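Peer 1: Need the 3D shape of this:
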Amino acid sequence: MTGPHRYATPAPDLEPDPNWTDRAACADPRHNPDWWFPVGATTTIPTAVHALAICRRCPVVEHCLAHALTEGIRDGIWGATTEHTRRRLHRHTRHTRNAA
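Peer 2: Numbers count the residues shown, from 1 in each chain. Okay, here's the model as predicted:
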């Protein structure tokens, strides 16, 4: 994992892949889509924890997170991050840019 936190962050040289969603672990029909959009913003909900574990092993986790950050997606779990984590990442990125 890269970045200042415990979770993966998109690599700056990430190649564009318009079909990344086809390879996403969450697209597996055995998984309930509701796992990625739990009620409330907390990760203590067992289904959110389960979804995060699946995300961390996903082959396209970096593409997913990059998409969520680029599009400003606030709801749900994307790229092995919660809404709260993406807000922190966004603040960290903005702070880093302003310091440069």
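Peer 1: so what's Arg74 up against?
Peer 2: Glu83, Arg86 (Cβ atoms under 8 Å, 6 or more residues apart in numbering). To be clear about C-beta, it is placed using only N, CA and C from the backbone, and glycine gets the same treatment.
Peer 1: For it, grab phi and psi.
Peer 2: Per-residue torsions, Arg74: phi -100, psi -30 (degrees, to the nearest 10).
Peer 1: how about the closest residue in space to Ala25 that isn't next to it in sequence, secondary structure?
Peer 2: Using Cβ to Cβ, 6 or more residues apart in numbering and skipping the chain neighbours, the partner closest in space to Ala25 is Cys58 (3.9 Å). Three-state call for Cys58 (DSSP: H, G, I helix; E, B strand; the rest coil): coil.
Peer 1: Please renumber the chain so that the first residue is 30 from this point on.
Peer 2: From this message on, residue numbering opens at 30, which makes the last subject Cys87.
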